[in-house]
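K.L.:
Structure here, sequence nowhere to be found:
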């Protein structure tokens, strides 16, 4: 374990997301007219990897990247400087920019602009000092000259023996330095790199399954590059090879529904670099990186990463936040997207301290009433205020994870107050559901729901099932 910062070296881009709706077709061409309602600017490429790395662990992050002097370069510099120390190198040409247009949550088109590349030349003493003091280095190559910079690669080649170097390669970029601790191509990138080694211009899969093909590619690349190779497999997780016959597979948890995987590779590489910086094993790094990338996608991918929104942000998004945590960003985003499509929002609430059959039955019935189900979950302090000092038995984060794992639950929101009235003011569900063991006059949240045009319903509750009864029975058995 080394105590220095994580230093990210690579090509940074400006990513712009334009969000709107489509209500008509243009009169002069058969194309949709997108009414843009929100514009979001954020760092992409190595900049995104550096921002995510800083959010994953409480460590210093330094970014060495080429930045232009144009308007977009100034904007990018401002976005980056909020999160980390930036050591700029000169950029030749316009700042690379990727503009994604989305309508009601669906991609419409992506526009790429900017031909900028890192200028060759000497490396500043500041950059040299940062690399010398690094606890680990992440090279995020986007094929625009940073990973091929002769001054930087000369310094990096002297570090690989003592400092963990994670290399996220790009087909148009430089090949990983020999001795890098870990190289993290995607499956398509690995197939292309392995095909180049074999002279296979078509890059076709070999015999056997996709997993078998990835294992062969990882072993071949590991031997050729002199590094461990972790191939990211999307929903399949990641496969790690050190060139030996049997690879290591870190599976990923399933993600329900449509999702945006843009930026997941950056998150994977950033998380792996942070684990190796802390002295973790390669298997630990790959396993934790798969979990971080999965959670990143659950939260909305790159479009949910820290940035600046016009109109202004209601709140900054923190990368790495677990589902159901206090940030609750994934729930609000999902609700907004479903509401924009004209969908029906269903919500329910409670402590859910020990999830039992009665809970699951209620949640399944509730989900059938609309297009999504949001569970408003009492925080630990809220449960103690309602149930006493001996509760909850299970912490809020674990309760939220269990609920979020149910197929019928789409999102979990944690609240601190005794009742969910405050969170319902923002959520504004179309339907608020409670179990039939409540009397209607006990539901203090009814006026809030109805004021926003929602309805309140009581659903049948499975008799003889309650957390209080389960706890009492368990304690009775222990006492006897």
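P.N.:
Yep, that arrived. These numbers come from a predicted model, not from an experiment. Residues are numbered from 1 along each chain as shown.
K.L.:
quick one: the helices in the stretch 201-350 of the chain?
P.N.:
When secondary structure is read from DSSP state H, counting those that start in this stretch, the stretch 201-350 of the chain shows helices at 210-225, 264-277, 282-298, 329-340.
K.L.:
Kindly state which of those helices is positioned closest to residue 89.
P.N.:
The closest of those to residue 89 is helix 264-277. By C-beta to C-beta, the value is 19.7 Å. From N, CA and C alone the C-beta is placed, and that goes for glycine too.
K.L.:
Mind listing what's buried along that closest one?
P.N.:
Taking 16 or more other C-beta atoms under 10 Å as the neighbour-count basis, helix 264-277 is seen to contain the buried residues 264-277.
K.L.:
would you list every one of the strands in the stretch 101-250 of the chain?
P.N.:
For the stretch 101-250 of the chain, the strands defined by DSSP state E, counting those that start in this stretch occupy 106-113, 117-118, 136-140, 165-168, 182-183, 228-232, 238-241, 248-250.
K.L.:
Let's have the ones you listed in TSV, adding mean pLDDT, mean neighbour count and distance to residue 385.
P.N.:
TSV is the format used below for the strands of the stretch 101-250 of the chain (pLDDT from 0 to 100; neighbours: other C-beta atoms under 10 Å; distance: least, C-beta to C-beta, whole Å):
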stretch	mean pLDDT	mean neighbour count	distance to residue 385
strand 106-113	90	12	43
strand 117-118	96	20	56
strand 136-140	98	30	44
strand 165-168	98	30	45
strand 182-183	98	27	47
strand 228-232	98	29	44
strand 238-241	96	26	43
strand 248-250	95	18	40
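K.L.:
what's the closest of those to residue 296?
P.N.:
With C-beta to C-beta as the measure, strand 228-232 is the member of these nearest residue 296 (12.2 Å).
K.L.:
quick one on the thing from earlier: so can I have JSON lines of the strands of the stretch 101-250 of the chain showing distance to residue 377?
P.N.:
Below are the strands of the stretch 101-250 of the chain laid out as JSON lines (distance: least, C-beta to C-beta, whole Å):
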{"stretch": "strand 106-113", "distance to residue 377": "30"}
{"stretch": "strand 117-118", "distance to residue 377": "47"}
{"stretch": "strand 136-140", "distance to residue 377": "35"}
{"stretch": "strand 165-168", "distance to residue 377": "36"}
{"stretch": "strand 182-183", "distance to residue 377": "37"}
{"stretch": "strand 228-232", "distance to residue 377": "32"}
{"stretch": "strand 238-241", "distance to residue 377": "31"}
{"stretch": "strand 248-250", "distance to residue 377": "29"}
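K.L.:
Which of those sits closest to residue 150?
P.N.:
Closest among those, using C-beta to C-beta: strand 117-118, at 10.7 Å.
K.L.:
now for the closest one, which elements pack on it?
P.N.:
Under the contact criterion of 3 or more C-beta pairs under 8 Å, 6 or more residues apart in numbering; DSSP states H and E, strand 117-118 touches strand 85-92.
K.L.:
hmm, back to that, pick out whichever of the buried residues of helix 264-277 sits closest to residue 133.
P.N.:
Closest to residue 133, out of all of those and judged by C-beta to C-beta, is residue 277, at 12.3 Å.
K.L.:
From residue 164, how far off is the nearest residue to the closest one once chain neighbours are set aside?
P.N.:
Excluding the flanking residues, the one nearest residue 277 by C-beta to C-beta, 6 or more residues apart in numbering is residue 136, at 3.5 Å. Distance, residue 136 to residue 164, using C-beta to C-beta, to the nearest Å: 4 Å.
K.L.:
ok so, going back, just give me the closest of the buried residues of helix 264-277 to residue 123.
P.N.:
Set against residue 123, the nearest of the buried residues of helix 264-277 by C-beta to C-beta is residue 273 (20.5 Å).
K.L.:
wait, the closest one sits on residue 9?
P.N.:
No. When contacts are counted by C-beta atoms under 8 Å, residue 273 is not listed as touching residue 9 (11.1 Å).
K.L.:
Now for these two: what residues contact both?
P.N.:
Jointly contacting residue 273 and residue 9 under the rule C-beta atoms under 8 Å, 6 or more residues apart in numbering are 137, 138.
K.L.:
any low-confidence regions in the stretch 201-350 of the chain?
P.N.:
Scanning the stretch 201-350 of the chain for pLDDT under 70 picks out the ranges 201-208, 257-258, 309-330.
K.L.:
before we move on, the earlier item: quickly compare the helices of the stretch 201-350 of the chain and say which is most buried.
P.N.:
Mean neighbour count, computed with mean count of other C-beta atoms under 10 Å, is highest for helix 264-277 among those, reaching a mean of 28.
K.L.:
re the thing from before, relative to residue 31, which of the strands of the stretch 101-250 of the chain is closest?
P.N.:
When those are compared by C-beta to C-beta, strand 106-113 sits nearest residue 31, at 9.2 Å.
K.L.:
Is residue 346 in contact with residue 365, as I believe?
P.N.:
No. If you go by C-beta under 8 Å, residue 346 and residue 365 don't touch, sitting 10.0 Å apart.
K.L.:
The two - which one has more neighbours?
P.N.:
residue 346 (25 against 19; other C-beta atoms under 10 Å).
K.L.:
so the nearest residue to that one once chain neighbours are set aside, which of the three states?
P.N.:
Sequence neighbours aside, residue 370 is the residue nearest to residue 346 in space, at 3.8 Å (criterion: C-beta to C-beta, 6+ apart). When classified by DSSP: H, G, I helix; E, B strand; the rest coil, residue 370 comes out as coil.
K.L.:
This completes my enquiry, with thanks.
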